[in-house]
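S.K.: Need coordinates for the below:
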Amino acid sequence: MLAMKKILEKSQNPNLDSPCKDINNIPKCSVCTEPIGIAVTTCFGTRVYPRSCKCRRNALEAQRLKDKNMEKQIRLKQVISNSLMNDKFRKCTLRNWNHSVGNKNLYKVANQYINKFSNMKAENKGILIHGTPGNGKTYFSACIANALMERLVPVICVGAIGLTERIAQSKRTWGNEGIFTVLNSLENADLLVIDDLGTEEDTKWTRAMIYQIIEKRNVINLPLIVTTNMSLEELKERYDDRTYSRLLGMCSFINNTGKDIRKIQGKEKSQKFLQELLNS
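M.R.: Purely as a prediction, here's the structure:
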């Protein structure tokens, strides 16, 4: 932010709008060396008017994108108020990754996905990560979400239960218009993370909503990350072929075979607790 401010300050010249004395020596930006004025000849003579140099144009565009993405993130929070993005979620970062128990390959995948997100977004490449409970799937997706939000990329991470309940609540209040309000709000997210797919209530209506959410991402060509404790066979059985087919087309499937991190951490926590009590 400070660097952008300095560029804007250095690349402006308030004294340019004055009669031109030498159109061959228009001042240049001290940063990018492009002219910061343009000579315009009219019937009243020639004057030099201000123009944005390259670095100023880039800085202004970067600021415009930053403001736009911040607005998108605010809209997401207003509609999806029951997301997973609390203080605990914010601590899930690659910097805090526990390499002694965390899957090394998952760490590499998360890091590469973050660094190559502009390509992932352009090509609509998402991830579906499945495996047994407690082995770091949610942490993995939260690391990606937090890293992207640090880069001002609009992201929403919400549980399958919370998302379907939010749509149902909106429908009870506003009817079908309420459903579209929630679905359309998700367009503000460059990345949508659905956590624990399969834990939502298993009804024809919820399955239809899950399909609409996934299909909406496919239509607007924006990626999603899905985590689930279900096997691929269970996913096929629960959701119809078109839902599974959409996921297959939009996501790379990753089977996380890592250890149950929650059990390991729970055991360590219990041992530490008992040790503190016995030594006190």
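S.K.: In a strand, T138, correct?
M.R.: No - judged by DSSP: H, G, I helix; E, B strand; the rest coil, T138 forms no part of a strand; its state is helix.
S.K.: Could you list which residues are in contact with it?
M.R.: Contacts for T138 were tallied using C-beta atoms under 8 Å, 6 or more residues apart in numbering; they are L84, C92, D195, D196, T227. For glycine as for every other residue, the C-beta is placed from the backbone atoms N, C-alpha and C.
S.K.: mind redoing it with 6 Å?
M.R.: T138 makes contacts with D195, T227, as judged by C-beta atoms under 6 Å, 6 or more residues apart in numbering.
S.K.: low-confidence ranges in the stretch 151-280 of the chain?
M.R.: Residues of the stretch 151-280 of the chain meeting the criterion pLDDT under 70: 258-278, 280.
S.K.: how does it look with 90?
M.R.: For the stretch 151-280 of the chain, the stretches flagged by pLDDT under 90 are 174, 240, 256-280.
S.K.: what are the ranges of the strands in it?
M.R.: Ranges of strands in the stretch 151-280 of the chain, per DSSP state E, counting those that start in this stretch, are 155-159, 191-195, 224-228, 251-255.
S.K.: Show me the one of these that comes nearest H130.
M.R.: strand 224-228 (5.0 Å; C-beta to C-beta).
S.K.: and the closest one, which strands flank it?
M.R.: Within its sheet, and counting by DSSP bridges, strand 224-228 is paired with strand 126-130 (parallel), strand 191-195 (parallel).
S.K.: Which of the ones you listed has the highest mean neighbour count?
M.R.: Of all those, strand 191-195 has the most neighbours on average by mean count of other C-beta atoms under 10 Å, namely a mean of 25.
S.K.: which one is C92 nearest to, not counting chain neighbours?
M.R.: Leaving aside its sequence neighbours, C92 sits nearest to A142 (C-beta to C-beta, 6 or more residues apart in numbering; 3.5 Å).
S.K.: Now the one you found: which helix or strand?
M.R.: Using DSSP states H and E, A142 sits in helix 137-150.
S.K.: now that helix, how far from the chain's geometric center?
M.R.: 8 Å (C-alpha atoms, centre = their mean, to the nearest Å).
S.K.: Now do that helix against strand 155-159, angle only.
M.R.: Relative orientation of helix 137-150 and strand 155-159, computed by axes from the mean of the first three to the mean of the last three C-alpha atoms, to 10 degrees: 160 degrees.
S.K.: what is the mean pLDDT for stretch 38-46?
M.R.: Averaged across stretch 38-46, pLDDT comes to 81.
S.K.: for stretch 60-70, same thing?
M.R.: 84.
S.K.: before we move on, the earlier item: and the strands paired with strand 224-228 as CSV, adding distance to G136?
M.R.: Below are the strands paired with strand 224-228 laid out as CSV (distance: least, C-beta to C-beta, whole Å):
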stretch, distance to G136
strand 126-130, 9
strand 191-195, 12
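S.K.: Quick one: closest of the ones you listed to Y113.
M.R.: Checking the strands paired with strand 224-228 against Y113 by C-beta to C-beta gives strand 126-130 as the closest, at 7.0 Å.
S.K.: how far off strand 251-255 does that closest one point, in degrees?
M.R.: Going by the same axes, to 10 degrees, strand 126-130 makes 20 degrees with strand 251-255.
S.K.: Give me the contact list for strand 126-130.
M.R.: Here strand 126-130 makes contact (C-beta under 6 Å, 6+ apart) with 137, 223-228, 247, 250-254, 256.
S.K.: By neighbour count, sort out the buried ones in those residues.
M.R.: Buried by 16 or more other C-beta atoms under 10 Å: K137, P223, L224, I225, V226, T227, T228, L247, M250, C251, I254, N256, out of these.
S.K.: ok, the third one - contacts?
M.R.: It refers to L224. G126, L192, R217.
S.K.: now swap in the first one and tell me
M.R.: With contacts taken as C-beta under 6 Å, 6+ apart, K137 has the following neighbours: I129, T227, N256.
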